[in-house]
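K.L.:
predicted structure and sequence below. I'll ask about it afterward.
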Amino acid sequence: LQASIQSASAEGLASLIQQLRGHVWEISGSPAGNYVLQEFIVAAGFIADEFRGRAVAAAEHNMRSRVFERLVEHCTLHQLEPLVRELFSRVVALSRHAFGNFVLQRILEHGSDPMRHEIAAAIASRAAQFARHRQARSVLCSALRHCSAEDSRMLSQVVMADSRGLGKLSKHVVGSFVVREMKLAGLVEGVSEASQA
């Protein structure tokens, strides 16, 4: 099928796209199938439609999450919004999830400002915990990088207010990435001796 895609005429591609209708969920669960869907994302807006009602399951799946990431990168915000809304109640769990965290990072990178704000608000109370979590720290770093200045400040303030101190976080195997991102964003000047308490 992959060879057919690469050598197909415009008519052939249109025919292949039509054959995918109604089979997206099934195809997205296989390694070769998810590659095929990723190739068609731009041309076939119906792929996003077939993920509706299953966005959380897709974000948590090792193969479907990759298709979801391509949807976030290439679909219009209008196509994407219903899928992203499904994720909002599960942002904390998805941030910690091995595959879900990547979907959230793509939303922070390519989504709308309201989408970014919703994710920032959902993780704000746990930002200090997320700074030390292998997957969640990537979502936190992406939020610090892509959210509004106000939301980035809010998240960094929660991290800096942690009783363990910014100095210790900067030496933490995972937390050091968060401190570096905060410095790059101009949210923290440096790590003083007082912050190491």
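P.N.:
Ah, there it is.
K.L.:
any weak-confidence spans in this structure?
P.N.:
By pLDDT under 70, the weakly predicted segments of the chain are 1-10, 42-45, 163, 189-197.
K.L.:
got a list of what the spatially most central residue of it touches?
P.N.:
Nearest to the geometric centre of the chain sits Leu104, at 2.0 Å (C-alpha atoms, centre = their mean). Taking C-beta atoms under 8 Å, 6 or more residues apart in numbering, we find Leu104 in contact with 59, 87, 91, 94-95, 119, 139, 142. Placement of C-beta: from N, CA and C, glycine included.
K.L.:
can you tell me the element it falls in?
P.N.:
helix 100-110 (DSSP states H and E).
K.L.:
buried sites along the host helix or strand of Trp25?
P.N.:
Here Trp25 sits within helix 24-28, counting by DSSP H and E. Within helix 24-28, the residues that count as buried by 16 or more other C-beta atoms under 10 Å are 24-25, 27-28.
K.L.:
for that helix, packing partners?
P.N.:
helix 31-40, helix 64-74 (3 or more C-beta pairs under 8 Å, 6 or more residues apart in numbering; DSSP states H and E).
K.L.:
need the ones you listed in a markdown table (columns: mean neighbour count and distance to His146).
P.N.:
Below are the helices and strands packed on helix 24-28 laid out as a markdown table (neighbours: other C-beta atoms under 10 Å; distance: least, C-beta to C-beta, whole Å):
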| stretch | mean neighbour count | distance to His146 |
| --- | --- | --- |
| helix 31-40 | 17 | 22 |
| helix 64-74 | 23 | 12 |
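K.L.:
what would those look like in TSV with distance to Leu108?
P.N.:
Shown next, in TSV, are those (distance: least, C-beta to C-beta, whole Å):
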stretch	distance to Leu108
helix 31-40	20
helix 64-74	10
